[in-house]
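**Q** What would the 3D arrangement of this be:
(one chain, ligands or ions: 2)
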Amino acid sequence: MRIVALASGSSGNAILVDSGDTRILVDCGIGPRTLKTRLAPLGIRPDEISAVVVTHEHSDHTRGIPTALSRWRWMVAGSAGTIRGLSAECRQTATVIRQQLRIGGLDIDLIPIAHDANEPTAIAITDRASGIRAGIAHDLGQPSDALIAAFRGVDLLCIEANHDAEMLRNGPYPVFLKQRVASGTGHLSNDQSAAFIDAVSTRELRAVLLLHLSAVNNSPAVACAATKRGINRRARRATLAAAIRKATSPPIGDHHDIQFALAI
Ligand SMILES: [Zn+2]
Ligand SMILES: [Zn+2]
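**A** Ligands and ions are numbered 1, 2, ... in the order given. Here you go, the predicted structure:
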């Protein structure tokens with residue numbers, strides 16, 4: 001299984017999960033043309049994607065779904081609250097995930113998270129053929145014990161590192177927005193992200209990709225440095241990088257970790 005962030009951050013999010021036989025997206029907040037361009041170097045066409053699993057209804061995660069749906073007939077799946085927040089045409093054919101959903105060779109579990117949306121979720125994915133487990137979580141104010149339990153022992157971890165707390169405090173955002181971002185239903189700081197990585201890491205952890213970095217209150221270098229400082233020795237053995245906001249990030253997963261480490 002390989003995981004590739006095609007876009008990450010407030011300007012759009014889309015993550016490809018590719019088991020070889022099964023290809024899905026987690027969120028699609030980019031338009032069809034951008035999607036096509038970013039998939040091309042990976043040797044994948046949009047019509048080879050079978051489903052988009054949606055973490056929550058905010059437009060930076062869903063903007064591209066209506067057009068993609070009409071063009072490529074993907075399955076759209078997510079929590080009941082998330083589906084309720086999608087456009088009428090998406091709602092008509094969407095699948096509500098109540099328990100585990102099986103898409104091809106992938107098992108998908110949703111874990112409720114705290115964020116200011118209808119029913120936001122993180123996503124745990126198991127590739128049945130290889131046994132590889134991945135956890136993907138972005139847009140969360142604070143991690144719950146249930147999320148830590150669900151992600152503990154994953155091989156591949158994609159976790160939000162939205163802002164540096166100091167940069168947010170001293171930065172240009174208006175006060176209400178600073179409060180919203182830092183709140184328990186806002187976004188994870190670099191330090192919170194490091195503590196989360198620590199809490200879920202076991203010997204299995206091979207790669208960590210930091211997601212949804214703020215362009216104003218963070219940078220890849222700041223996020224990676226803070227995370228490295230904050231995690232224990234066991235977690236430090238995993239490769240670590242930050243997703244690129246408006247381009248395809250280097251893949252993590254099968255045979256890709258070396259390339260990924262070089263990209264730090
Ligand atoms: Zn977002
Ligand atoms: Zn959001």
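**Q** what's the burial count for the residue in the stretch 151-264 of the chain that ligand 1 sits nearest to?
**A** As assessed by Cβ to the ion, ligand 1 sits closest to residue 212 within the stretch 151-264 of the chain, at 5.7 Å. Where you see a C-beta, it was placed from the backbone N, CA and C, and this is true even at glycine. A total of 28 residues lie near residue 212 under the criterion other Cβ atoms under 10 Å.
**Q** Would you quantify the distance from it to residue 92?
**A** Distance, residue 212 to residue 92, by Cβ to Cβ, to the nearest Å: 29 Å.
**Q** got it, and residue 17?
**A** Counting by Cβ to Cβ, the gap from residue 17 to residue 92 is 25 Å.
**Q** Helices of the stretch 51-200 of the chain, residue ranges please.
**A** Applying DSSP state H, counting those that start in this stretch to the stretch 51-200 of the chain gives helices spanning 59-62, 65-72, 80-84, 88-93, 145-151, 165-170, 175-182, 190-200.
**Q** residues in contact with the residue in the stretch 101-250 of the chain that ligand 2 sits nearest to?
**A** Proximity to ligand 2, evaluated over the stretch 101-250 of the chain using Cβ to the ion, is greatest for residue 139 at 3.7 Å. Listed by Cβ atoms under 8 Å, 6 or more residues apart in numbering, the contact set of residue 139 reads 55, 56, 58, 61, 113, 115, 117, 120, 160, 187, 212.
**Q** picking that back up, quick one: the helices of the stretch 51-200 of the chain as a markdown table, columns for mean neighbour count too.
**A** A markdown table is the format used below for the helices of the stretch 51-200 of the chain (neighbours: other Cβ atoms under 10 Å):
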| stretch | mean neighbour count |
| --- | --- |
| helix 59-62 | 21 |
| helix 65-72 | 18 |
| helix 80-84 | 18 |
| helix 88-93 | 12 |
| helix 145-151 | 17 |
| helix 165-170 | 15 |
| helix 175-182 | 14 |
| helix 190-200 | 22 |
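**Q** want to throw those helices into TSV with mean pLDDT?
**A** Putting these into TSV (pLDDT from 0 to 100) gives the following:
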stretch	mean pLDDT
helix 59-62	98
helix 65-72	95
helix 80-84	98
helix 88-93	92
helix 145-151	97
helix 165-170	96
helix 175-182	96
helix 190-200	96
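**Q** Could you export these as CSV, including distance to ligand 2?
**A** Output for these, formatted as CSV (distance: least, Cβ to the ion, whole Å):
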stretch, distance to ligand 2
helix 59-62, 6
helix 65-72, 15
helix 80-84, 11
helix 88-93, 17
helix 145-151, 16
helix 165-170, 16
helix 175-182, 11
helix 190-200, 16
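**Q** Now the ones you listed in a markdown table, please, with extra columns for distance to residue 248.
**A** Conversion of the helices of the stretch 51-200 of the chain to a markdown table gives the following (distance: least, Cβ to Cβ, whole Å):
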| stretch | distance to residue 248 |
| --- | --- |
| helix 59-62 | 17 |
| helix 65-72 | 17 |
| helix 80-84 | 25 |
| helix 88-93 | 25 |
| helix 145-151 | 24 |
| helix 165-170 | 26 |
| helix 175-182 | 26 |
| helix 190-200 | 22 |
